[in-house]
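>>> Model the following, please.
(chains A and B)
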Protein chains: 2
Amino acid sequence: MREQRPRYHRIADDLRGQIERGELEAGEQLPTEFELVERYEASRNTVRLALRRLTEEGLIIAGQGRGSFVRRSLTPAVWDWSVLESRARHKSDDNGDQWASIVAESGRQPRQEVRVSIRRPPTEVAERLQLDPETALTVVRERVRIVDQDPYALADSYFPEELVRGTPLMLPEDVSAPGGVLASVGLVQARYRDEITVRMPTRVEIEKLSLPSATPVAVHMRTGYDENDRPLRVMITILPGDRHVIRYDVSAE
Amino acid sequence: MREQRPRYHRIADDLRGQIERGELEAGEQLPTEFELVERYEASRNTVRLALRRLTEEGLIIAGQGRGSFVRRSLTPAVWDWSVLESRARHKSDDNGDQWASIVAESGRQPRQEVRVSIRRPPTEVAERLQLDPETALTVVRERVRIVDQDPYALADSYFPEELVRGTPLMLPEDVSAPGGVLASVGLVQARYRDEITVRMPTRVEIEKLSLPSATPVAVHMRTGYDENDRPLRVMITILPGDRHVIRYDVSAE
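You can find the predicted model right below:
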């Protein structure tokens, strides 16, 4: 019986199997194109199509003229969103420090770069903060969250400007206060709505997070409300798939 | 000043801008390669590189010999995981029907195909069910969840075989019972741990879910425990990014 699938599928299948069985290990260099041409008795073009297929699956990373390597994941950072905010209330923070303390507890070095700006809110934020995107102002705290030397996540918090005017939340640096910065300016979050979507990264995200090819991201959008259901904040966190686990503990009660 | 970025980057930027501004609409066909060659006074190869870049970003879909189209997302299904299980307890189900009722409420037609098998658990499942992957048996309910005619998600539930032996959970069909099927066989879930990761889909997932290129998936893994912290079930749901929103409502208390 004649094999129906294209030749490059079969080469990709063979290499994929070697990766899945660990015969090719994370970080290991694959044989060169020339070696693969010889091994599979295939054309260079067929070998390239097979490698491209594995690249698109996120299994290998094609180095620029340096051959291909089995993809290596970074040590995953676990985001326990179900406790993140309650920890914040006990420790201190504007939702950056409690992340930092979780990272530090795992023996790694957290750091963040903060930029503060005043902007018209994008549509998806304006909707959630119940603001008019044409006229309203938001204070945006943009953070790049870094673990050891690697950029791990982007976190942008949007606050209605009139709620935080003149508060430490407008300082372009890490800010924290006992009980939480929002609480320290009289804003108490009573509940959150989290929305998680998944997509390919934008060019800006690829650059800021040094993402290898075929690395999708989770977009975690948390809207915080006070006890009167007034929205206080939207935080958008961009979490690359190769370095994050999002966790929730849920009670069935 | 001479422009430093490669030519195909600039062409991709221009087309991306048109998509973002809505000048090229979802589902619309892009100009042909030949037209783009003329418009940008570029080589065919340069145009192809630009189109490939947009394909990898998930913005366009390359049809086989039929030109390229602006990607169209399916109507998103919202998974409200924070209420999904408590609804189940009021309605009925083994965690399929309450999903079905949410879909039906939005005026669309839910359906699922169920396959039941008995298998050694994969490592990640064995760990969570506290089973020995070499000797333990699990009953696996594999479901393809379909909305109208489109496959939307894959959901595989793993139960320790000794817990569900001889129960309706072993029937190869939709099963439901007042208060939930697990409860009807004496198993009450008191809490859950959800773990969400993001990756590119496997070949099998691409086929089962008819995924266009560059469509990442969320892997939602829910482990259910009884009140004595005994794990009862692991459910792994594969949610393509172009048709799902995962939602949690969290109380700050």
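
>>> alpha carbons only for contacts and neighbour counts from here, please
Fine.

>>> And for the residue nearest to residue A:104 when sequence neighbours are not counted, the neighbour number?
Using Cα to Cα, 6 or more residues apart in numbering or on different chains and skipping residues adjacent in sequence, the residue nearest residue A:104 is residue A:110, 6.3 Å away. When neighbours are counted by other Cα atoms under 10 Å in any protein chain shown, residue A:110 registers 21.

>>> got it, and the one 10 residues further on?
Residue A:120 has 19 neighbouring residues, counting by other Cα under 10 Å.

>>> now swap in the one 4 residues further on and tell me
Other residues within reach of residue A:124 by the criterion other Cα under 10 Å amount to 11.

>>> what do you get for residue A:73?
Neighbourhood size, residue A:73 [other Cα under 10 Å]: 12.

>>> any idea how far residue A:161 is from chain B?
23 Å (Cα to the nearest Cα, to the nearest Å).

>>> Show the contacting residues for that residue.
A:118, A:137, A:138, A:139 (Cα atoms under 8 Å, 6 or more residues apart in numbering or on different chains).

>>> How about it, nearest residue that isn't a chain neighbour?
Here the residue nearest residue A:161, using Cα to Cα, 6+ apart, is residue A:138, at 4.6 Å.

>>> That neighbour touches residue A:160, doesn't it?
Yes - look at residue A:138 against residue A:160 with Cα atoms under 8 Å: they come within range, at 4.6 Å.

>>> one step back: relative to chain B, how far out is the residue nearest to residue A:104?
Distance from residue A:110 to chain B, by Cα to the nearest Cα: 21 Å.

>>> and that residue, what are its bridge partners?
Counting by DSSP bridges, residue A:110 is bridged to residue A:147.

>>> wait, what's in contact with it?
Counted by Cα under 8 Å, 6+ apart, residue A:110 has contacts A:100, A:101, A:103, A:104, A:145, A:146, A:147, A:148.

>>> can you count the residues close to the second one?
Counted by other Cα under 10 Å, the residues lying close to residue A:101 total 17.

>>> How about the secondary structure of it?
helix (DSSP: H, G, I helix; E, B strand; the rest coil).

>>> which ones are touching the residue nearest to residue A:80 when sequence neighbours are not counted?
Among residues not flanking residue A:80 along the chain, residue A:247 sits closest, at 4.6 Å (Cα to Cα, 6+ apart). Under the criterion of Cα under 8 Å, 6+ apart, the contact list for residue A:247 reads A:78, A:79, A:80, A:81, A:82, B:193, B:194, B:195, B:196.

>>> A helix includes residue A:224, no?
No - looking at residue A:224 with three-state DSSP, it is strand, so not inside a helix.

>>> So what sits opposite it in the bridge?
Once the bridges are assigned, which here means DSSP bridges, residue A:224 pairs with residue A:192, residue A:233.

>>> doesn't residue A:236 make contact with it?
No - with contact defined as Cα under 8 Å, residue A:224 does not count as touching residue A:236 (11.5 Å).

>>> between the contacts of residue A:247, which is closest to residue B:44?
residue B:196 (41.3 Å; Cα to Cα).

>>> Got the domain ranges for chain A?
Annotated domains of chain A cover A:7-70, A:77-247 [automatic domain parsing].

>>> Give me whichever of those is most buried.
domain A:77-247 (a mean of 19; mean count of other Cα atoms under 10 Å in any protein chain shown).

>>> follow-up on the earlier one: next, format the domains of chain A as JSON lines and append mean pLDDT and distance to residue B:216.
As requested, those are exported to JSON lines (pLDDT from 0 to 100; distance: least, Cα to Cα, whole Å):
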{"stretch": "domain A:7-70", "mean pLDDT": "90", "distance to residue B:216": "9"}
{"stretch": "domain A:77-247", "mean pLDDT": "86", "distance to residue B:216": "6"}
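
>>> which secondary structure element contains the residue nearest to residue A:220 when sequence neighbours are not counted?
Spatial nearest neighbour of residue A:220, excluding adjacent residues (Cα to Cα, 6+ apart): residue A:196 at 4.6 Å. Here residue A:196, judged by DSSP states H and E, is contained in strand A:191-199.

>>> Please work out the angle formed by the directions of that strand and strand B:191-199.
30 degrees (axes from the mean of the first three to the mean of the last three Cα atoms, to 10 degrees).

>>> C-terminal to strand A:191-199, what's the next element?
Next along the chain after strand A:191-199, taking DSSP H and E as the criterion, comes helix A:203-208.

>>> Can you show me the CA trace of that following helix as CSV?
The C-alpha trace of helix A:203-208 is given here as CSV (Å, rounded to 0.1, in the frame of the first residue of the first chain):
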residue,chain,number,x,y,z
ARG,A,203,4.8,42.5,17.6
VAL,A,204,5.2,44.8,20.6
GLU,A,205,4.6,41.9,23.0
ILE,A,206,7.1,39.7,21.1
GLU,A,207,9.7,42.4,21.5
LYS,A,208,9.0,43.3,25.2
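
>>> Let me see the contact set for residue A:101.
Counted by Cα under 8 Å, 6+ apart, residue A:101 has contacts residue A:110.
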